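A.B. asks: Here is the input, now give the coordinates:
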Amino acid sequence: MYIFLMDQGQLEQLTPTPPSVSRLQGEVEEKFGLNVDNQILLVSGGFRLGPDDRLPYNGAGLNKSNPIYVFTRTTDASESRQPDILSVRGESLLDRSRFVTDL
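C.D. replies: Next comes the predicted model:
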């Protein structure tokens with residue numbers, strides 16, 4: 001089973017292949033110190049794996065060119081303070097939408 005640890009930028013191989021995502025998450029926590037609660041596992045195409053999913057999932061992780069991507073959810077409080085609406089030169093993008101006309 002091939003996984004790509006996004007935060008470290010490294011490809012790792014786990015053998016034998018765990019039978020479920022929850023077991024994979026446990027191994028990732030044990031071997032790499034990434035807390036299960038902070039792991040987000042994605043496969044090619046952006047599909048998120050749930051703990052009850054069986055492995056291998058649609059062939060993901062079976063070779064180096066199609067690993068399971070392991071992202072780490074951050075608990076940094078500063079991220080929660082980031083604005084939800086982008087601004088351009090101090091003007092909300094929502095305010096700019098009034099200039100858009102129906103085509």
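
A.B. asks: Using the three-state scheme, assign residue 37.
C.D. replies: Classification of residue 37 using DSSP: H, G, I helix; E, B strand; the rest coil returns helix.

A.B. asks: For it, which non-adjacent residue is closest in space?
C.D. replies: residue 73 (7.7 Å; C-beta to C-beta, 6 or more residues apart in numbering). Any C-beta I mention is one placed from the backbone N, CA and C, and that applies to glycine too.

A.B. asks: Relative to residue 1, how far out is that neighbour?
C.D. replies: Separation of residue 73 from residue 1 (C-beta to C-beta, to the nearest Å) stands at 21 Å.

A.B. asks: more crowded one of these two?
C.D. replies: Comparing residue 73 with residue 1 by other C-beta atoms under 10 Å, the one with more neighbours is residue 1, at 18 against 11.

A.B. asks: Quick one: residues contacting the more buried one.
C.D. replies: Contact analysis of residue 1 by C-beta atoms under 8 Å, 6 or more residues apart in numbering lists 13, 14, 15, 16, 17, 18, 24, 55, 56, 61, 62, 68.
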